[in-house]
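>>> Model the following, please.
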Amino acid sequence: MRVLISVYDKTGLDDLARSLVDLGHEVIASGGSSAALRAAGVPHSTVEEVTGAPEILGGRVKTLHPAVHGGILANLDDGDHRNDLASQGIEAIGMVVCNLYPFRANPSIELIDVGGPTMVRAAAKNWAHVASVVDPGDYEMILAELSAHGEVSQGTRRRLAAKAFAHTAAYDAAIANWFAGSDADTGALPATLHLSLELASGLRYGENPHQRAARYRAIGEPSWWDQVVPHGGLTLSYLNLYDADAAWRLVHQLGDLGPAGAVVVKHANPCGAAVADDVAAAYERAFDCDPMSAFGGIVALNGPVSEEVAARIVANAKADVLIAPDFEPAALELFAAKRKNMRVLSAPQPDASGLHLRQISSGWLVQDSYRFVAGRADWRVVTRAQPTEENWRDMQLAWRVCAAVKSNAIVLAAGGMAVGIGGGQQNRVTPGEIATARAAGRAKGGAAASDAFFPFRDGLDAAASAGVAAVIQPGGSVNDDQVIAAADEHGLVMVFTGERQFQH
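Below is the predicted model of the structure:
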């Protein structure tokens, strides 16, 4: 069997080629692959020797030749194909080992591979006769089949073909998305989006135990979740990942509001959030926001977990997941002894978000990822009462947390901690009532945040009943004047952000 090798990733190349030669197969190699095999002392022919033509255009053209593609694409069950090979002096090629230029790592015109995808697709199309090998991880399995049976089995060739087409599809998707990215300069969303995903890890189950679930990532692109290190606990489930992701992003939104931050999330909604001078205090304050809801939730901390912090976590209602940048060994030992089922994860800072995609029936919704556009310098005080620095701090915390609560949302914060959270309601009065009830008097002198404007004064009245001193909301209602008048009536500070923060 003739084997054509043309790889950028040369992992395992020498051993593969040497083993193929030892098994009696003829190896042909192009460009850099040939140079590597020559340096390793592996006998082989070059593509130029097969085609009778040199590489040209700086290597852009080397394998694009009938002597190569005729040998790959020939259907050996077709007599006419065999006659064509014979008349042209072309020998059949039974395996193509090829992986592509690393375009994703360094997008540029010169790293858009042409000959490589062409060979891979040709071999995969003709999978009945040709093995198309794109993954060095498959070398051992292929050599085992060749050693045992003298050929790569039909079933393996078919699986390799599927993998090959996925490989080229992902490669083309990366290139297409790179070109489409230039549309961002015009402020327009791209005309097309291209998703090519590979299975990254299985999950215990989906939202419910009867639903299968797994985590996928873009093919060939390690994701942020691949950098997360598990230190113990049960296997992660679908909701563990979804909620931990939400908690981790929110706790890093609090990073500039205090030296340490902590968040407790349940069903993708924060049920506690706080900032403090140290991680232990931030955690206790976040947990104290709503201890009942914290049971079985996700705890996210933006600082290292010491043995002291671990002891506090163990003393409170159990968490399903704990995610933090780092852990002292003593903390991990305590969790292993006292919280064996809790998933303990260390993680780097969240990555930057691109477009946000959500699946709907037979389609997708696409939007820019959630972010804060306006900051304190852009906000506007609209009441007679003017905010103190303490009011500003409470409003900033309430606003950051409110943006992470499912709409409609009201968040009450005081003294560096959320004290009452109401969300996921169909009107703007009920979340204020829920938040006030959960605050249980702790919001007095603090701030209330609303993720969207108050359409009527009743929503403001509900939030004001908690005893807050300040309210932050987007503004923009036709009844803004009435709501401002109501705030003045209550003696409240009110700030308009000019920016809505719905979450659905």
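>>> Now do the phi/psi pair for the nearest residue to residue 348 once chain neighbours are set aside.
Using C-beta to C-beta, 6 or more residues apart in numbering and skipping residues adjacent in sequence, the residue nearest residue 348 is residue 227, 5.3 Å away. Heads up, the C-betas are built off the backbone N, CA and C, glycines and all. Per-residue torsions, residue 227: phi -90, psi -10 (degrees, to the nearest 10).
>>> burial count for residue 227?
11 (other C-beta atoms under 10 Å).
>>> That one contacts residue 350, correct?
No: using C-beta atoms under 8 Å, residue 227 is not in contact with residue 350; the gap is 10.7 Å.
>>> Look at the residue nearest to residue 348 and report its pLDDT.
Model confidence at residue 227, given as pLDDT, is 93.
>>> In stretch 253-265, which of the residues would be classed as buried?
253, 254, 258, 260, 261, 262, 263, 264, 265 (16 or more other C-beta atoms under 10 Å).
>>> Now tabulate these in a markdown table and tack on pLDDT and secondary structure.
Output for those, formatted as a markdown table (pLDDT from 0 to 100; DSSP: H, G, I helix; E, B strand; the rest coil):
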| residue | pLDDT | secondary structure |
| --- | --- | --- |
| 253 | 91 | helix |
| 254 | 92 | coil |
| 258 | 88 | coil |
| 260 | 96 | strand |
| 261 | 96 | strand |
| 262 | 96 | strand |
| 263 | 96 | strand |
| 264 | 96 | strand |
| 265 | 95 | strand |
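>>> just to revisit the earlier point, how much space is there between the residue nearest to residue 348 and residue 149?
Distance, residue 227 to residue 149, by C-beta to C-beta, to the nearest Å: 40 Å.
>>> Could you do residue 125 as well?
23 Å.
>>> any idea how far the helix or strand residue 179 falls within is from the chain center?
Per DSSP states H and E: residue 179 is located in helix 154-180. Distance of helix 154-180 from its chain centroid, counting by C-alpha atoms, centre = their mean, to the nearest Å, is 20 Å.
>>> and that helix, what's its mean pLDDT?
pLDDT averaged over helix 154-180 gives 89.
>>> Output the contacting helices and strands for the helix or strand that that helix is followed by.
Going down the chain from helix 154-180, the next helix or strand is strand 197-202, by DSSP H and E. Contact analysis of strand 197-202 by 3 or more C-beta pairs under 8 Å, 6 or more residues apart in numbering; DSSP states H and E lists strand 214-218 as its packing neighbours.
>>> Going by neighbour count, which residues of the strand it packs on are buried?
For strand 214-218, using 16+ other C-beta under 10 Å, the buried residues are 215, 217, 218.
>>> and what of stretch 164-182?
For stretch 164-182, by 16+ other C-beta under 10 Å, it's 164-171, 173-175, 177, 180.
>>> Please apply the same query to stretch 318-330.
319, 320, 321, 322, 323, 324, 327.
>>> per-residue confidence at the last one?
The pLDDT attached to residue 327 in the predicted structure is 97.
>>> Bridged to it, which residues?
Per DSSP bridges, the residues bridged to residue 327 are residue 305.
>>> So which residues of the stretch 401-504 of the chain form helices?
Along the stretch 401-504 of the chain, the stretches classed as helices by DSSP state H, counting those that start in this stretch are 430-439, 457-464, 480-490.
>>> Would you reformat those helices as a markdown table and include mean pLDDT?
As requested, those are exported to a markdown table (pLDDT from 0 to 100):
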| stretch | mean pLDDT |
| --- | --- |
| helix 430-439 | 92 |
| helix 457-464 | 88 |
| helix 480-490 | 94 |
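>>> closest to residue 302 out of those helices?
helix 430-439 (23.7 Å; C-beta to C-beta).
>>> Could you check how far the closest one is from the centre of its chain?
33 Å.
>>> give me the low-pLDDT residue ranges for the chain?
By pLDDT under 70, the weakly predicted segments of the chain are 182-187.
>>> what domains does the record give for it?
The chain breaks down by automatic domain parsing into domains covering 2-179, 229-346, 376-496.
>>> so which of the ones you listed gets nearest residue 222?
Per C-beta to C-beta, nearest to residue 222 of the domains of the chain: domain 2-179, 10.2 Å.
>>> now the end-to-end length of the closest one.
By C-alpha to C-alpha, to the nearest Å, the extent of domain 2-179 from end to end equals 37 Å.
>>> May I have stretch 484-504 as CSV, with CA atoms only?
Only the C-alpha atoms of stretch 484-504 are listed here, as CSV (Å, rounded to 0.1, in the frame of the first residue of the first chain):
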residue,chain,number,x,y,z
ILE,A,484,-39.1,60.6,39.9
ALA,A,485,-41.8,62.5,41.8
ALA,A,486,-42.5,59.3,43.8
ALA,A,487,-38.8,59.0,44.6
ASP,A,488,-38.7,62.6,45.8
GLU,A,489,-41.8,61.9,47.8
HIS,A,490,-40.0,59.0,49.6
GLY,A,491,-36.9,61.2,50.0
LEU,A,492,-34.9,58.7,47.9
VAL,A,493,-31.9,59.2,45.7
MET,A,494,-32.6,57.9,42.2
VAL,A,495,-30.0,57.3,39.4
PHE,A,496,-30.7,56.5,35.8
THR,A,497,-28.2,54.3,34.0
GLY,A,498,-29.6,54.7,30.5
GLU,A,499,-28.9,51.0,30.0
ARG,A,500,-31.3,48.1,30.4
GLN,A,501,-29.9,44.8,31.7
PHE,A,502,-32.6,42.1,31.0
GLN,A,503,-31.6,38.4,31.4
HIS,A,504,-33.9,35.7,30.1
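>>> Now do the buried residues in that stretch.
Within stretch 484-504, the residues scored as buried using 16+ other C-beta under 10 Å are 484, 486-487, 490, 492-497, 499, 501, 503.
>>> next one: stretch 198-209
residue 203.
>>> give me phi/psi at the closest residue to residue 502 other than its chain neighbours?
Distances taken as C-beta to C-beta, 6+ apart put residue 407 closest to residue 502, at 4.6 Å, once the chain neighbours are dropped. Backbone torsions of residue 407, given as degrees, to the nearest 10, read phi -80, psi 150.
>>> List the contacts of residue 407.
423, 424, 451, 452, 502, 503, 504 (C-beta atoms under 8 Å, 6 or more residues apart in numbering).
>>> need these in a markdown table with distance to residue 336, can you?
As requested, these are arranged in a markdown table below (distance: C-beta to C-beta, whole Å):
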| residue | distance to residue 336 |
| --- | --- |
| 423 | 35 |
| 424 | 36 |
| 451 | 40 |
| 452 | 45 |
| 502 | 41 |
| 503 | 35 |
| 504 | 38 |
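>>> returning to what we had before: among the domains of the chain, which is nearest residue 210?
Of all those, domain 229-346 sits nearest to residue 210, with 12.1 Å by C-beta to C-beta.
>>> The closest one: end-to-end distance?
End-to-end for domain 229-346, by C-alpha to C-alpha: 5 Å.
>>> returning to that earlier point: quick check, nearest of the contacts of residue 407 to residue 118?
residue 504 (44.5 Å).
>>> how about the nearest residue to the closest one, chain neighbours excluded?
residue 407 (6.1 Å).
>>> What distance do you get for that neighbour to residue 336?
39 Å.
>>> tell me which element the spatially closest residue to residue 416 that is not a sequence neighbour is part of?
Spatial nearest neighbour of residue 416, excluding adjacent residues (C-beta to C-beta, 6+ apart): residue 275 at 4.9 Å. Remark: residue 275 resides in strand 269-276, with elements defined by DSSP H and E.
>>> Give me the contacts around the helix or strand that that strand is followed by.
Using DSSP H and E, the helix or strand that directly follows strand 269-276 along the chain is helix 279-289. With C-beta under 8 Å, 6+ apart as the test, helix 279-289 has contacts from 258, 260-264, 271-276, 294, 299, 301-306, 308-309, 312-313, 316-317, 416-421, 438.
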